[in-house]
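Asker: Provide a 3D model corresponding to the input given below.
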Amino acid sequence: MSQRASAQSYRRTVNRINKVVTGLQRIGIAFGPMELLTVTGRRSGRPRTFPIAVLPLSGRRYIVQAFPNAAWVANVRAAGTVTLTRGRRASVARLVEVPVEERRPLLREVVETQPRSAAERYVTTGLAAAPTAEAVAAAAERIAVFRVEPA
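Answerer: Sure thing, here's the model as predicted:
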């Protein structure tokens with residue numbers, strides 16, 4: 001199977017899992033670092049909701065892109081503010097995109113502190129060349145990172 005076909009298959013699987021995660025979150029069941037990110041669609045103007053991992057890195061909270069061309073990334077760049085929901089608790093937040101050079105140490109920290117599957121995801125989706133801290137950090141231009149701040 002080609003890298004592209006593998007990435008597409010992986011994306012379909014993740015989309016199915018995301019539907020389950022979203023359903024559980026909506027009924028108030030929160031787990032792991034997962035939250036629901038709701039942002040206004042840049043073209044439709046309607047709210048769009050995505051399950052997303054909010055990671056504690058370097059003493060702050062961050063959201064890191066896991067897939068190329070992720071719709072939520074483009075929507076956040078256009079909207080600026082989002083609603084983050086964890087279980088039954090929701091809050092409005094501002095997502096500030098981290099400059100490329102500042103992403104590198106954060107991406108290294110993701111690989112070093114999260115389960116190995118996090119680093120492998122960047123390779124599977126074609127964002128990084130290898131599941132190592134250095135390879136993921138080297139892909140900083142292709143991986144959006146947003147700092148979560150109060151709105």
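Asker: just the helices in this protein please.
Answerer: 3-26, 71-79, 100-113, 116-124, 133-138 (DSSP state H).
Asker: now do the third one against helix 116-124, angle only.
Answerer: On the basis of axes from the mean of the first three to the mean of the last three Cα atoms, to 10 degrees, helix 100-113 is oriented at 130 degrees to helix 116-124.
Asker: average pLDDT for helix 100-113, rounded please.
Answerer: Across helix 100-113, the average pLDDT comes to 97.
Asker: same thing with the longest one?
Answerer: Throughout helix 3-26, pLDDT has a mean value of 65.
Asker: do the same with stretch 47-63
Answerer: 95.
Asker: and that stretch, what's buried?
Answerer: 48-55, 57, 61-63 (16 or more other Cβ atoms under 10 Å). For the C-beta atoms, the positions are set from N, CA and C on the backbone; glycine is no exception.
Asker: for these, which one is nearest residue 8?
Answerer: Distances from residue 8 to the buried residues of stretch 47-63, taken as Cβ to Cβ, are shortest for residue 50 (18.4 Å).
Asker: that older thread, kindly reformat the buried residues of stretch 47-63 as CSV containing distance to residue 39.
Answerer: Below are those laid out as CSV (distance: Cβ to Cβ, whole Å):
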residue, distance to residue 39
48, 6
49, 8
50, 8
51, 13
52, 10
53, 16
54, 14
55, 18
57, 21
61, 16
62, 16
63, 11
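Asker: which of those residues fall in strands?
Answerer: Mapping the buried residues of stretch 47-63 onto strands (DSSP state E) picks out 48-55, 57, 61-63.
Asker: for residue 150, state which of those is nearest.
Answerer: Using Cβ to Cβ, residue 61 is the member of these that lies nearest residue 150, at 10.6 Å.
Asker: run a quick neighbour tally on the nearest residue to the closest one once chain neighbours are set aside.
Answerer: Among residues not flanking residue 61 along the chain, residue 148 sits closest, at 4.1 Å (Cβ to Cβ, 6 or more residues apart in numbering). Using other Cβ atoms under 10 Å, the number of residues around residue 148 comes to 19.
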